[in-house]
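Participant: this is a predicted model, with the sequence first.
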Number of protein chains: 2
Amino acid sequence: MKAGKISELTTNRLSIYLRCLTLLADEDIKTVSSAALAKRFHLNSAQIRKDLAYFGEFGVRGVGYDVDALRDHLIKILGLGRTHRVGIIGAGRLGSALTNYYGGDRSTFEVAALFDVDPLKIGERIEGVEIFDAKHFPSIAKRDNIEVAVIAVPAEAAQDVFEQVTAAGIRAVMNFAPIPLKTIGDVKLKTVDLTTSLEGLAYHLSGAASLNGNNPEPGPTGRRN
Amino acid sequence: MKAGKISELTTNRLSIYLRCLTLLADEDIKTVSSAALAKRFHLNSAQIRKDLAYFGEFGVRGVGYDVDALRDHLIKILGLGRTHRVGIIGAGRLGSALTNYYGGDRSTFEVAALFDVDPLKIGERIEGVEIFDAKHFPSIAKRDNIEVAVIAVPAEAAQDVFEQVTAAGIRAVMNFAPIPLKTIGDVKLKTVDLTTSLEGLAYHLSGAASLNGNNPEPGPTGRRN
């Protein structure tokens, strides 16, 4: 493997290749060419070859990639060969949903603790995960080896929470609050905005409507398409 | 308002401005300058002025934007002035989580129905929303005026589901399956990959580790930072 950091776009693609290879492995497929991988999963075969060549030779000319070997290597490159412990801040609707979702696979990511400021929630459990007082984040994070913080608090509290968790030594943060956060130093911040994504779809639907007379209300059929 | 489609990057920003303005309105703030908006929410003030100028004059020189008027206008531009009915395909862990999450605000998006292929789930309810047999998607979507399909099925089933919902007339799809989908015609497809986002954080953590001797295991302290 060559040294140096890989770009986020590249790690995103590697993460997708890994999932595609896992699907192939589940079907007992042993080798796959970049062309077959691209066709099956709607990827770009030239891009696959370029991305994978960067890490050394995995392909055998005329045969393709060894599915298991390539999978193992991607797991290693992406740092997924061990469990990362996650703390979710915000035990409301979204925090509960994420605990439920990420609780499905505990081999790579494990939700170790939830945090909230609501006294009624502290001490309760969601999917077996205890809710702690948010002010104890630094000590619980240290005790439980939490490396990743997931922010699932209301928009107006997100920046404060971000600053608290990074002050506690967290260097990888996933923000679900629908608001931009200002990051610092070597902290990796990813934002997943579930609201903006849905709102973009609404615009697409209204965009078609505006071509039919800029009417914000549905037509007489109550349906636009 | 000028005619024509706005880019996805622009609608994403407008969606964020809208949320920022809603926070200000909640605090009874009546006017805000682009500079103040930028500072408070970590945005770019020149970009704000550029984005908003595109839709006409909302700012008054020396005073700023009228918060309520601008908010109303963004709601209209983004097509958020009416309720969009959503169907979620996949009533597993993720589908349940999304029903729970999007169920919080029923004014803009309302989860009208869930769909699954598991006979044990069909007829059950999550957050009051009924689970229907996936094969009845076309008739239920028509009956309930479903405009947005949310795909929350396993990766290997996602492309088939995408083709079924678009064949049923759906033109706005949000895909949560961690796999690329091939889209068609004028269907707007957004992918939110919760797994890739977390895996990118793992890479960031392992990247720092590799600088300390390329050791995939945590150090003796069990912690890296």
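Facilitator: Great, that's in hand.
Participant: who are the contact partners of residue A:34?
Facilitator: By CB atoms under 8 Å, 6 or more residues apart in numbering or on different chains, residue A:34 lies in contact with A:45, A:46, A:48, A:49, A:52, A:59, A:64, A:65. For every residue, glycine as well, the C-beta is placed using N, CA and C.
Participant: wasn't the fifth one part of a strand?
Facilitator: This means residue A:52. No. Counting by DSSP: H, G, I helix; E, B strand; the rest coil, one finds residue A:52 to be helix, located in no strand.
Participant: lowest-confidence helix or strand of chain A?
Facilitator: strand A:59-60 (a mean of 68; mean pLDDT, DSSP states H and E).
Participant: neighbour count added to the contacts of residue A:34, as TSV?
Facilitator: Listed next are these as TSV, based on neighbours: other CB atoms under 10 Å in any protein chain shown:
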residue	neighbour count
A:45	14
A:46	11
A:48	22
A:49	18
A:52	21
A:59	18
A:64	19
A:65	26
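Participant: circling back: following the least confident helix or strand of chain A, which helix or strand comes up?
Facilitator: strand A:64-66 (DSSP states H and E).
Participant: so for that next one, mean pLDDT?
Facilitator: For strand A:64-66, the mean per-residue pLDDT is 88.
Participant: that one pairs with which strands?
Facilitator: In the sheet, strand A:64-66 lines up against strand A:31-32 (antiparallel), strand A:59-60 (antiparallel) (DSSP bridges).
Participant: next secondary structure after that strand?
Facilitator: Toward the C-terminus, strand A:64-66 is succeeded by helix A:67-77 as the next helix or strand (DSSP H and E).
Participant: can I get that following helix in CSV? Just the C-alpha atoms.
Facilitator: Extracted in CSV, the C-alpha atoms of helix A:67-77 (Å, rounded to 0.1, in the frame of the first residue of the first chain):
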residue,chain,number,x,y,z
VAL,A,67,-13.1,-11.3,-4.0
ASP,A,68,-12.1,-12.5,-0.5
ALA,A,69,-8.5,-11.1,-0.7
LEU,A,70,-9.7,-7.7,-2.0
ARG,A,71,-12.4,-7.6,0.7
ASP,A,72,-9.9,-8.2,3.4
HIS,A,73,-7.6,-5.6,2.1
LEU,A,74,-10.3,-3.0,1.8
ILE,A,75,-11.4,-3.7,5.4
LYS,A,76,-7.8,-3.1,6.5
ILE,A,77,-7.3,0.1,4.4
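Participant: which residues are contacting the helix or strand following that helix?
Facilitator: Counting by DSSP H and E, the next helix or strand C-terminal to helix A:67-77 is strand A:84-89. Strand A:84-89 has contacts (CB under 8 Å, 6+ apart) with A:95, A:98-99, A:102, A:108-116, A:129, A:134, A:137, A:140-141, A:144-153, A:161, A:165, A:170, B:198, B:201-202, B:205.
Participant: ok, is stretch A:37-51 in contact with chain B or not?
Facilitator: Yes. Applying CB under 8 Å from any CB of the partner chain, one finds that stretch A:37-51 is in contact with chain B at A:41, A:42, A:43.
Participant: so the first one makes contact with residue B:179?
Facilitator: Yes. Distance between residue A:41 and residue B:179: 6.5 Å, which falls inside the contact criterion (CB atoms under 8 Å).
Participant: which residues do those two both contact?
Facilitator: In terms of CB under 8 Å, 6+ apart, residue A:41 and residue B:179 are both contacted by the residues A:16, A:20.
Participant: contacting residues around residue A:16?
Facilitator: Applying CB under 8 Å, 6+ apart to residue A:16 gives the contacts A:41, A:43, B:178, B:179, B:180, B:193, B:196.
Participant: and the pLDDT at it?
Facilitator: 91.
Participant: can you pull the domain assignment for chain A?
Facilitator: Using automatic domain parsing, the domain parsing of chain A gives A:8-77, A:84-192.
Participant: show the end-to-end separation of stretch A:124-141, please.
Facilitator: Terminal residues of stretch A:124-141 lie 18 Å apart, using CA to CA, to the nearest Å.
Participant: which residues does it contact?
Facilitator: A:87-89, A:91, A:95-96, A:99-100, A:103, A:111-117, A:121-123, A:146, A:149, A:161, A:164-165, A:167-170.
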